[in-house]
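# heads up, no residue letters with this:
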Ligand SMILES: Nc1ncnc2c1ncn2[C@@H]1O[C@H](COP(=O)(O)OP(=O)(O)OP(=O)(O)O)[C@@H](O)[C@H]1O
C-alpha cells in the first residue's frame, strides 16, 4: 500500500445518502500519484456522485476524503486550483469560439495576459485545435469538442484530472488518440481518475475499480483482477444458441451466457473443476449434436469480469445509459 504522500486520492469509509437512497456506500479508494485509475460501473451505480464528493462539490454523509494532501470538503476551495474536471456533458460555451472558451477558463484561474496566451497556444497545438481557434464551439465535431473539453480541464496544469465518461460521444480513432494524450499527461506526472463504459479503455488503466449499486465490487490492477476471477470462460459454437442460452440460464453455476456472433460465451463457476464435460452434459438436452471440439475454454476478459461482479454486460450498461441519459 503506497504511503499518503504517494496518493493523489485517499478516500475511506465514504457514504453518500440521498434521502432513502444510499448512492455510495463504504467507499475506499486509493489512487496513486501519476496513475490512470479507471472507474467502471453500470448506469446509476454512483460514479459521478463519487467524483463530485472527491472534488468537493458534494459533502459526504460520512467518511474521510483526502485529495492531494487536502481534507475534502473542508479545503475544497484550495483544491480547485490543482485539479481539472471534465464532466459527462459538453459544458463549454457553444456560442464562444475555441480560443474564447479557453480564454474564459484562463481568466477564471487568473492567468495573466502573457501566460494565458502561452497556455492557449500550447493547448490548441497539443489538442490539434489550431485550425479551429476561431470556430464556435457549438459547431465542432464530437472529437473536437472532447479535445477542447480536455484542453480546458488542463489550462491550470492540474496535478489531478477527473474525467467523467470523456469518450462517450467519439469514434474509435478519436478515443485511441484521446488515450494517447492521457498517457502523455500521466507520463508528465498527472494523476487521472476516469469513468468509462468501454472495456478497451479499462484495460489501459494502471488500476481500476468496478462499482455496482454504490459499492466497489472489485478493484486492482486489470491483469491481477482477471487472474483472480472465480469463473471459467467457455465458448460454444453450434446451432440453436438462443435456446441453449435460455436453457443454461437455469443453472446457478452459470452467472452469464451471451452470444457473440456464432458463439455463446458462457461463464462457469470455478467450483466446477472440469467445466467442458460439465457444460456438455448440461447442454445435451438442447444441443444433443454438440461434440467436445465445439466447446473451447478461453481466457477471461474485462467484460467477463464486469459481468461477474455486476451481473450486467458493458454493452447493456451503455445501452441503459443511452436510454436514460
Ligand atoms: N442530487 C441527487 N439527489 C438525489 N439522487 C441523486 C442525486 N444525484 C445522484 N442521485 C442518484 O444517485 C444514484 C447514483 O447516481 P450517479 O449519477 O452517481 O451514477 P453514475 O454511476 O455516475 O451513473 P452514470 O453512468 O449515468 O453517470 C442514482 O440513483 C441517482 O439517481
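All right, it came through fine. The shown structure was predicted, so the numbers you read here are calculated from the model rather than taken from an experiment.

# how many neighbours does residue 145 have?
When counting by other Cβ atoms under 10 Å, one arrives at 19 neighbours for residue 145. C-betas here are computed from N, CA, C, even on glycine.

# Repeat that for the one 10 residues further on.
Other residues within reach of residue 155, judged by other Cβ under 10 Å, total 22.

# thought it was touching residue 123?
Yes. If you go by Cβ atoms under 8 Å, residue 155 and residue 123 touch, sitting 6.6 Å apart.

# Spell out which residues are contacts of both of these two.
Overlap of the contact sets of residue 155 and residue 123 (by Cβ atoms under 8 Å, 6 or more residues apart in numbering) consists of residue 102.

# so what's the nearest residue to residue 311 once chain neighbours are set aside up against?
Once flanking residues are discounted, residue 311 sits nearest to residue 255: 7.2 Å by Cβ to Cβ, 6 or more residues apart in numbering. Each residue near residue 255 by Cβ under 8 Å, 6+ apart is listed here: 231, 267, 269, 307, 308, 311.

# Tell me the buried residues within these.
By neighbour count, with 16 or more other Cβ atoms under 10 Å, the contacts of residue 255 hold 231, 267, 269, 307, 308 as buried.

# Tell me which helix or strand the last one sits in.
Assessed by DSSP states H and E, residue 308 sits inside helix 302-310.

# same thing with residue 118?
Taking DSSP H and E as the definition, residue 118 sits inside helix 113-126.

# list the buried ones in that helix?
Buried residues in helix 113-126 (16+ other Cβ under 10 Å): 116, 119, 120, 123, 124, 126.

# of those residues, closest to residue 194?
Nearest to residue 194 among these: residue 126, at 18.1 Å, using Cβ to Cβ.

# Can you give me the distance of that closest one to residue 180?
Counting by Cβ to Cβ, to the nearest Å, the separation of residue 126 from residue 180 is 11 Å.

# Equivalent analysis for residue 55, please.
Remark: distance between residue 55 and residue 180 (Cβ to Cβ) = 25 Å.

# Give me the more crowded residue out of those two.
Comparing residue 55 with residue 180 by neighbour count (other Cβ under 10 Å), the higher total belongs to residue 55, at 21 against 10.

# show me what contacts the closest residue to residue 262 other than its chain neighbours?
Spatial nearest neighbour of residue 262, excluding adjacent residues (Cβ to Cβ, 6+ apart): residue 237 at 6.1 Å. By Cβ under 8 Å, 6+ apart, the residues touching residue 237 are 262, 263, 294, 296.

# before we move on, back to that, out of the buried residues of helix 113-126, which one sits closest to the ligand?
residue 123 (26.4 Å; Cβ to the nearest ligand atom).

# Wait, that closest one touches residue 156, no?
No. Judged on Cβ under 8 Å, residue 123 makes no contact with residue 156 at a distance of 11.1 Å.

# Out of the buried residues of helix 113-126, which two are the most distant from each other?
116 and 126 (15.3 Å).

# Would you mind naming what in this structure lies close to the ligand?
18, 21, 23, 41, 43-49, 88, 321, 325 (Cβ under 6 Å from any ligand atom).

# How many neighbouring residues does residue 108 have?
Neighbours around residue 108, by other Cβ under 10 Å: 12.

# err, residue 280, not the other one
Residue 280: 18 surrounding residues under other Cβ under 10 Å.

# chain center to the helix or strand hosting it, what's the gap?
Under the criterion of DSSP H and E, residue 280 resides in helix 275-283. How far helix 275-283 lies from its chain's middle: 35 Å, per Cα atoms, centre = their mean, to the nearest Å.

# average model confidence for the following helix or strand past that helix?
Using DSSP H and E, the helix or strand that follows helix 275-283 in sequence is strand 295-298. For strand 295-298, mean pLDDT rounds to 92.

# The top helix by length along the chain: which residues count as buried?
Secondary structure of the chain read by DSSP state H shows that its longest helix is helix 172-187. Buried residues in helix 172-187, defined by neighbour count with 16+ other Cβ under 10 Å: 174, 175, 177, 178, 179, 181, 182, 185, 186.

# Next one: the last one from the ligand, what distance?
Going back to what we said before, that points to residue 186. In this view, residue 186 and the ligand are 23 Å apart by Cβ to the nearest ligand atom, to the nearest Å.

# excluding its backbone neighbours, what's nearest that residue?
Take residue 186 and drop its neighbours on the chain: the residue closest to it by Cβ to Cβ, 6+ apart is residue 36, 5.2 Å away.

# can you count the residues close to residue 206?
Counted with other Cβ under 10 Å, residue 206 comes out at 16.

# Spit out the contact partners of it.
Residues near residue 206 by Cβ under 8 Å, 6+ apart: 32, 35, 36, 37, 186, 221.

# pLDDT score assigned to the last one?
We note a pLDDT of 94 for residue 221 in this prediction.
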